[in-house]
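Student: Structural data only, the sequence is not supplied:
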């Protein structure tokens, strides 16, 4: 038990405890925002596994979110299945999609990863827009019921909230176990120095495939919850902004830091909602996201992964004291 | 039978023959050194042995087993483990985690069992941590166990890299310029340390530019120039060889040496 006692896990428990009592003091609108927070948490944690631990910056993570949402929506529309069945298919199909995206990753690094992931999201979005018999194309699928488990339908948003909270907890715990295992260590080693990792006998390609697949599955689960929350899916909602928003959450929370991701998700979901009151600020919030991304891209132009963390802290340190910025050798 | 046998090893990069028809053997319990001027192809030889490059011709036989052209991961399993010329530690990981990566191929549970606690994972992890404790004592880094690897002083980073290679339980340890950037005191310590490593592994292949260190600890020296072997033998023999002196000092050096 002792090995689980660290500041990050304690903070995680506090956040979850805070979330658990939230429905008693929030109104319907605030509860809805909090559910969006939960979905963003799962979505961003899946990206953090890929970015912070696996060292691959994906700019097309929304693709898996979209596939997850459309899988459960289409299955409901065509067969009328409930979430407990759809869930299995969400895992299978998004996992397969992640595997597919991992295949070219054995050959490319750096900025090419950005291009491939971006175009992957574009391809997925095009397929969904045009595959009318399955996805109903541009019309979208309307009237998706709330989550139904083994014939039992969730009647209100409070049940949905707790259901999603369970997913947040499970995701966090699974990620924690994974990161602190042989697989997690190998992934981190590949991120830090792929040549040295290879020299230690780590097979790079299978590990890349595994991390892409797992990451895709969790993003898909978040997407499937989204479909049942919004009760409709249409291609236009799944645009690149969602990917960028997700990257911003991960970067704000800290790469490889899953508790940080939870805080980042709370922050970057609630803040824009709050800013809605101030129309001027809300309108230009994208500029702030854009700036975050420009900094990320600029500091991380060739090497993905945790170099990012150092370069971002280094960047701010340089801003603060210009003279003391000495390159570490 | 020799511990390692390299036969007619050749690799070409386009028109450049980086390693040219190289043959040498390594014996049990010895330090074999690979020396030569810059660009002689020493590191290329290590890259060939460890599977980073596939040779165009030739054979590598480790302990009676042909490992020519094996992938890097199978070479590690067969018993070759290396360090790097410019230290390559996993910079965002702790000293302990670096060691654990070194022994990852001996931690026997797969990707699926990684994802949740189970008896197999728990027992393997416990065993791995015990071994880590031992190896950290061996390389004298116990007090730094939970520090970030790159926060260590330079000499300790070298030792950590050696420890990481050692924990893979190799038959042969390949050290690529371990003394680079060290001061004379550190070099002295290092030479004693390398000599002592023969208790842990069956042979050491050393690449080094520091001649004093090489002459002190080597049982056998192989001299490369332009990718080809020009001489092989005991330190004293190599020191006297005119071709070696020529490769290092140029033609004039040979005359001076002969005259003097």
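Tutor: Thanks, I have the structure now. What you are looking at is a predicted structure, and each value in this text was computed from that prediction instead of being measured. Numbers count the residues shown, from 1 in each chain, chains lettered A, B, ... in the order given.
Student: Name the next helix or strand following the helix or strand that contains residue A:185 along the chain.
Tutor: For residue A:185, the host element (DSSP states H and E) is helix A:182-192. Per DSSP H and E, the first helix or strand lying C-terminal to helix A:182-192 is helix A:194-199.
Student: Next one: whichever helix or strand residue B:173 is part of, is it in contact with chain A?
Tutor: In the assignment (DSSP H and E), residue B:173 maps to strand B:172-176. No: judged by Cβ under 8 Å from any Cβ of the partner chain, strand B:172-176 makes no contact with chain A; its nearest approach is 9.6 Å. Yep, even glycine has a C-beta here, placed from its N, CA and C like the rest.
Student: contacting residues around stretch B:123-138?
Tutor: By Cβ atoms under 8 Å, 6 or more residues apart in numbering or on different chains, the residues outside stretch B:123-138 that reach it are A:181-182, B:95-96, B:99-100, B:103, B:106-109, B:142, B:145, B:163, B:166-167, B:200.
Student: Can you flag the buried ones in the residues you listed?
Tutor: Using 16 or more other Cβ atoms under 10 Å in any protein chain shown as the burial test, these include A:181-182, B:95-96, B:99-100, B:103, B:106-107, B:109, B:163, B:166-167 as buried.
Student: Out of those residues, the closest to residue A:34 would be?
Tutor: residue A:181 (31.2 Å; Cβ to Cβ).
Student: mind listing what the closest one touches?
Tutor: Residue A:181 touches B:114, B:115, B:121, B:125, counting by Cβ under 8 Å, 6+ apart.
Student: which element is the residue lying closest to residue A:200 once chain neighbours are set aside on?
Tutor: Spatially, and ignoring its direct neighbours in sequence, residue A:200 is nearest to residue B:101 (5.3 Å; Cβ to Cβ, 6 or more residues apart in numbering or on different chains). Taking DSSP H and E as the criterion, the element that holds residue B:101 is helix B:95-102.
Student: and the angle from that helix to helix A:182-192?
Tutor: Angle, helix B:95-102 to helix A:182-192, by axes from the mean of the first three to the mean of the last three Cα atoms, to 10 degrees: 100 degrees.
Student: Show residues contacting helix B:95-102.
Tutor: Taking Cβ under 8 Å, 6+ apart as the rule, helix B:95-102 contacts A:182, A:185-186, A:188-189, A:197, A:200, A:202, B:81, B:89-90, B:93, B:107, B:128-129, B:132, B:135-136, B:141, B:144-149, B:152, B:160, B:163-168.
Student: Can you tell me, leaving aside adjacent residues, what's nearest to the most centrally placed residue in chain B?
Tutor: Among the residues of chain B, residue B:174 comes closest to the average C-alpha position under Cα atoms, centre = their mean, at 1.5 Å. Computed as Cβ to Cβ, 6+ apart, the closest residue to residue B:174 that is not its neighbour in sequence is residue B:82, at 4.1 Å.
Student: Number of residues surrounding that neighbour?
Tutor: 27 (other Cβ atoms under 10 Å in any protein chain shown).
Student: ditto for the one 4 residues further on
Tutor: Residues near residue B:86, counting by other Cβ under 10 Å, number 8.
Student: pretty sure residue B:91 is touching residue B:151, no?
Tutor: No: Residue B:91 lies out of contact with residue B:151 (Cβ atoms under 8 Å); the separation is 9.5 Å.
Student: Counting neighbours around each, name which of these two comes out higher.
Tutor: residue B:91 (19 against 13).
Student: Distance of that one relative to residue A:27?
Tutor: 48 Å (Cβ to Cβ, to the nearest Å).
Student: next one: residue A:7
Tutor: Where residue A:27 is concerned, residue A:7 sits at a distance of 33 Å (Cβ to Cβ).
Student: which of the residues in the helix ranked longest in chain A are buried?
Tutor: Across chain A, the longest stretch assigned as helix under DSSP state H is helix A:204-230. Neighbour counts over helix A:204-230 (16+ other Cβ under 10 Å) mark A:204, A:207-229 as buried.
Student: is that helix anywhere near chain B?
Tutor: Yes: Helix A:204-230 reaches chain B (Cβ under 8 Å from any Cβ) through A:206, A:207, A:210, A:214.
Student: So for that helix, mean pLDDT?
Tutor: Here helix A:204-230 scores 93 as its mean pLDDT.
Student: if we look at the helix or strand just after it, which residues are touching it?
Tutor: Sequence-wise, the next helix or strand downstream of helix A:204-230 (DSSP H and E) is strand A:232-233. Here strand A:232-233 makes contact (Cβ under 8 Å, 6+ apart) with A:69, A:70, A:73, A:140, A:141, A:142, A:143, A:144, A:226, A:227.
Student: Could I have the buried ones of these as ChimeraX selection syntax?
Tutor: Only the buried entries of the contacts of strand A:232-233 go into this ChimeraX selection, using 16+ other Cβ under 10 Å:
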select /A:69,70,73,140,141,144,226,227
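Student: In the chain, mark out all the strands, start to finish.
Tutor: Looking at chain A here, since you left the chain open. With strands called from DSSP state E, chain A shows them at A:141-142, A:148-149, A:152-153, A:232-233.
Student: wrong chain, I was asking about chain B
Tutor: Under DSSP E, chain B gives strands at B:4-13, B:16-26, B:30-35, B:57-62, B:65-66, B:80-82, B:172-176, B:203-207, B:220-225, B:228-233.
Student: got a list of contacts for the first one?
Tutor: In this structure, residues lying in contact with strand B:4-13 by Cβ under 8 Å, 6+ apart are B:17-26, B:44-45, B:48-49, B:53-63, B:172, B:203, B:205.
Student: Kindly tell me how buried the residue in chain A that chain B sits nearest to is, as a neighbour count.
Tutor: Chain B sits closest to residue A:201 of chain A, with a gap of 3.2 Å, by Cβ to the nearest Cβ. Residues near residue A:201, counting by other Cβ under 10 Å, number 26.
Student: Once you drop chain neighbours, what's closest to it?
Tutor: residue B:76 (3.2 Å).
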